[in-house]
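Colleague: Fold the following and give me the result.
(2 chains)
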There are 2 protein chains.
Amino acid sequence: MILEMFDKFKEIQKKQKAYGYVMGIVGWDSNTEAPRDAFEHRAEMMGIISSEMFKLSTSKDYQEAVYSCYDSIDELDNLQQREIRKAKKNLDKILKVPEDVFVEYRKTLTLAQRTWEEAKHENDFDAFAPALDNIIQQNKKILEFIGYKDIPYNELLDDFEEGYTEKDYDEFFETLKRDLVPFVKEVLTNGRKIREDFISDIYPRGKQKEFVEYLMNVLNFNYERGGLKESVHPFTWHTHSKDVRFTVRYLEDFVFSSIFAGIHELGHALYEQQIDPKLDYTNLGGGTSSGIHESQSRFYENIIGRSDEFWKVHYPKLKELFPEQLKTVTLEEFVLGINRVEASFVRVEADELTYPLHILMRYEIEKDLFGNRLETKDLPKVWNEKMVEYLGIEPKDFAEGVLQDVHWSAGLFGYFPTYALGSAYAAQFYYTMKKELNFEQLILDNNIQAINEWLKEKIHQFGSSKTPKELLKEVTNEDFNPQYYVKYLKEKYTKLYL
Amino acid sequence: MILEMFDKFKEIQKKQKAYGYVMGIVGWDSNTEAPRDAFEHRAEMMGIISSEMFKLSTSKDYQEAVYSCYDSIDELDNLQQREIRKAKKNLDKILKVPEDVFVEYRKTLTLAQRTWEEAKHENDFDAFAPALDNIIQQNKKILEFIGYKDIPYNELLDDFEEGYTEKDYDEFFETLKRDLVPFVKEVLTNGRKIREDFISDIYPRGKQKEFVEYLMNVLNFNYERGGLKESVHPFTWHTHSKDVRFTVRYLEDFVFSSIFAGIHELGHALYEQQIDPKLDYTNLGGGTSSGIHESQSRFYENIIGRSDEFWKVHYPKLKELFPEQLKTVTLEEFVLGINRVEASFVRVEADELTYPLHILMRYEIEKDLFGNRLETKDLPKVWNEKMVEYLGIEPKDFAEGVLQDVHWSAGLFGYFPTYALGSAYAAQFYYTMKKELNFEQLILDNNIQAINEWLKEKIHQFGSSKTPKELLKEVTNEDFNPQYYVKYLKEKYTKLYL
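Modeller: Residues are numbered from 1 along each chain as shown, chains lettered A, B, ... in the order given. Coordinates of the predicted model:
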């Protein structure tokens, strides 16, 4: 009986996967090459497909399959149990929220997207405030339907990082405030001056492309299971472990963008490519959480990609491609350049050291918004105060301040904190890896594959079949510990700057 | 009542369109960039989506809607009537063929594709013969279920060119045999020798790309409604009038390939882009037939693109991009080069003048196969005899002979004749256009837009809402008349070669 029901569950899941697959491909297409005027027709067609998907995912048959399996869950094997638990969790959520509330919220988000774009362009917070407030209020309403552990914000945090609550994040960010903020101030104030002229030189597009393709080979991206394209905002995308693609962009006056955003996305992509293909046929394929995903992208981007050792090997190739631009730039100057630290307004342009402080302030703001301690209208004031407190600078306008990120206009609350958490995970993984591998030497030997293999064996292969907390514990033999992150940053930037 | 039923028909049709849309995008993706290892998963996912589409298109609801509307068709307006007639015709066909016969046939085709590829690669006709024979026999069986007018082959011909029968094509090809074959022999034997050295020179890819993009602007391709990409086999693809894309390929040792295959595909693409967008929401969007489609691609490729006038305007640009390769090549030599005539084995590489003879022999073979006058095993012998008869050369092997085309392995019978028919349509349109427009002068003035507008007004806008025969009659004021084609070719090649 239970196996019959589980088969039924798998059968419906396969259909869901088929809808998910085509929506995924259409999404990739629309973000990378679909012509502008196709927008309207596509929106209409995809509305129909999503609604078929929704019908399927809330059908009586599906409910029966999921809940029957859940009732006899002990009869299933471990992986099956995880599948059913995850399916039930999602189904509960969908069923708890009345359809009209959900439809209303989707509509609000669609409109808010454009409102935010215009408001940012016009540098006008008041134009966006009502829409933002509307999103927040509807979110709170939905959270009342769904339910939450202790406080509403916990539910949002759990959405992106299973098992993490405000209490967990409070500990993490308190550590950063106490141990990192003073160090960042020290580097910003007393750090040595570095050479910057070559950073904003002109690096022709074609040669940048050649270098990025060179890097993809160095890092062992598998082209049989993926591809590389261009788009305005770099991103990684997958439908299953054998189709993982990502994009970069080439800015002629900022070569670091294609190099480091490229390596960053590659980190996301390698994670997806190295997941066990058998999980493609479950709901446990794909990376397990935003934080773990970000740990991988930042591991490749910062820990490998901005290391001294990495450029000892690959700087000659870059110089070969850009002999004029880099003629007088020494390896040491170059490595300092790619690790330049500065207090800046915009999160996505922030360096590795100041980045977590941008996240810290967003976390504090979200927490207060959902704890009813902060009103939408007061956001700009609070934003600027925190910028001054943590980074010592005050934004001149909203576009570089509170309006800079797309996330809130898309209803993404609870997502930001995973960015900093990911970097901290990466550091913890790094110190474990160093015990087992001769990390620096592998990079010097241009043997990144050995690092890829380690990450595959310890993390990637499991997809979503382990939670972030389980992974941390199993890989590093301890629970999440932000001190590794502080240690990593202090070691690295003391050596470079102090 | 009828309007209620028609609304129901439109509602189901919209869902069909949504499935068609996503399958279209996935198809484009798989043909232009999806990674190799994604094949298996995609095939499985698309199997599910097609089967949903099939269920919808044979559902009782859909049958009821279509047949009820058909029963009271006089109450509908003209466009609605055409929609219902077309829907009924397709539905009749699907319902007449037992599902297992259809499934078996799809399976046969899937396997045959690979068998053909291998057989061609191994130059082994016997390896492909059983699969081909199987396809032909199953096709005949299906035709018995569907029914046909007089003879089975008529049904296949009508599939690609509505209203055309073997009798129509016989007249057409008899004309070519009588009036064109001797002329081609004359040109091949007594035509003047032309300069050929520059044709196979090396033309770097990047510059070819630049020239193709230049041509797309000259010919007014609308990038807001489409795009251009690369693939091994150039093709055009659309989901609706606002999303029409095509591909080219760049062969460094054969620059004519990107130029003329590019203009050819652009002709297909302009047709689709200029269809009235209101037809996107009917089953009458898209070009009306293979023959009319081919008439447009060949009009742009040959009548515009290989004309003296066109290169008077654009040869300087080409010389600017390839100064070394074309340094000593005069405009006259270049125009002769792009219109080089030679007896060759492979259809897709054939020139404008010998091309219809390649089609003629395929038509005669298909006709005899479906008329039970020719057995599969005798194909190579007959093939080579006809090559000698029409072109005076005999293929050395199967790969350049009977195994060269993909069509039969894909079950496409009745398709080939439309290629020649399209060229003949193009000539008939051309002589009408010349009465209304100063064609040569427009090209000299680089005003292709005026030609595009004429084709839009007379042909493109109607999509499939008129049959090929209706279009011919309305545009040219007479029925299809192959003498225009003969006249066009004789005028052009007499001037160039004799």
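Colleague: Kindly state the pLDDT recorded for the closest residue to A:Leu95 other than its chain neighbours?
Modeller: For A:Leu95, ignoring the flanking residues on the chain, the nearest one in space by CB to CB, 6 or more residues apart in numbering or on different chains is A:Thr58 at 6.8 Å. In this view, the C-beta of every residue, glycine as well, is placed from N, C-alpha and C. In this model, A:Thr58 is scored at 96, pLDDT.
Colleague: ditto for A:Asp253
Modeller: Looking at A:Asp253, its pLDDT reads 95.
Colleague: was I right about it contacting A:Ile199?
Modeller: No - contact criterion CB atoms under 8 Å: A:Asp253 and A:Ile199 do not qualify, at 9.4 Å.
Colleague: Whichever residue of the stretch 101-250 of chain A sits closest to chain B - nearest residue in space that isn't next to it in sequence?
Modeller: In the stretch 101-250 of chain A, the residue that lies nearest chain B is A:Asp243 (3.9 Å; CB to the nearest CB). Once flanking residues are discounted, A:Asp243 sits nearest to B:Ala38: 3.9 Å by CB to CB, 6+ apart.
Colleague: Could you tell me how many residues sit around the one you found?
Modeller: 25 (other CB atoms under 10 Å in any protein chain shown).
Colleague: wait, it sits on A:Val244?
Modeller: No - B:Ala38 is beyond contact range of A:Val244, at 9.3 Å (criterion: CB under 8 Å).
Colleague: Please enumerate the shared neighbours of those two.
Modeller: Common contacts of B:Ala38 and A:Val244, defined by CB atoms under 8 Å, 6 or more residues apart in numbering or on different chains, comprise A:Arg225.
Colleague: center of chain A, which residue is that?
Modeller: Geometric centre of chain A, nearest residue: A:Glu294, 4.6 Å, by CA atoms, centre = their mean.
Colleague: Flag every residue of the stretch 201-350 of chain A that's near chain B.
Modeller: A:Tyr223, A:Glu224, A:Arg225, A:Gly226, A:Gly227, A:Lys229, A:Thr239, A:His240, A:Lys242, A:Asp243, A:Arg245, A:Asp280 (CB under 8 Å from any CB of the partner chain).
Colleague: how close does the residue lying closest to the fourth one once chain neighbours are set aside sit to B:Pro35?
Modeller: Looking back up the chat, that one is A:Gly226. In space, and not counting its chain neighbours, A:Gly226 is closest to A:Val244: 4.2 Å by CB to CB, 6+ apart. From A:Val244 across to B:Pro35, the span is 8 Å (CB to CB, to the nearest Å).
Colleague: try A:Asp201
Modeller: 35 Å.
Colleague: These two - which one has more neighbours?
Modeller: Set side by side, A:Asp201 and B:Pro35 show more neighbours around B:Pro35, with 18 against 15, by other CB under 10 Å.
Colleague: Can you pull out the low-pLDDT segments for chain A?
Modeller: Applying pLDDT under 70 to chain A flags no residue at all.
Colleague: thinking again about what came up before, didn't the residue nearest to A:Leu95 look like it was pressed against A:Asp92?
Modeller: No - counting by CB under 8 Å, A:Thr58 stays clear of A:Asp92, with 11.4 Å between them.
Colleague: what's around A:Gly414, how many residues?
Modeller: Neighbour tally, A:Gly414, other CB under 10 Å: 25.
Colleague: Now do the strands in chain A.
Modeller: Under the criterion DSSP state E, chain A contains strands at A:226-230, A:236-240, A:243-248.
Colleague: Using CSV, write out every CA atom in the first one.
Modeller: Same thing as strand A:226-230. Taking C-alpha atoms only, strand A:226-230 is exported to CSV below (Å, rounded to 0.1, in the frame of the first residue of the first chain):
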residue,chain,number,x,y,z
GLY,A,226,26.6,22.8,-19.1
GLY,A,227,27.5,26.1,-20.9
LEU,A,228,28.6,29.6,-20.5
LYS,A,229,26.8,32.7,-21.9
GLU,A,230,26.6,36.4,-21.4
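Colleague: ok, residues contacting that strand?
Modeller: Under CB under 8 Å, 6+ apart, the answer for strand A:226-230 is A:32-33, A:212-213, A:216, A:221, A:238, A:243-250, A:269, A:273, B:33-35.
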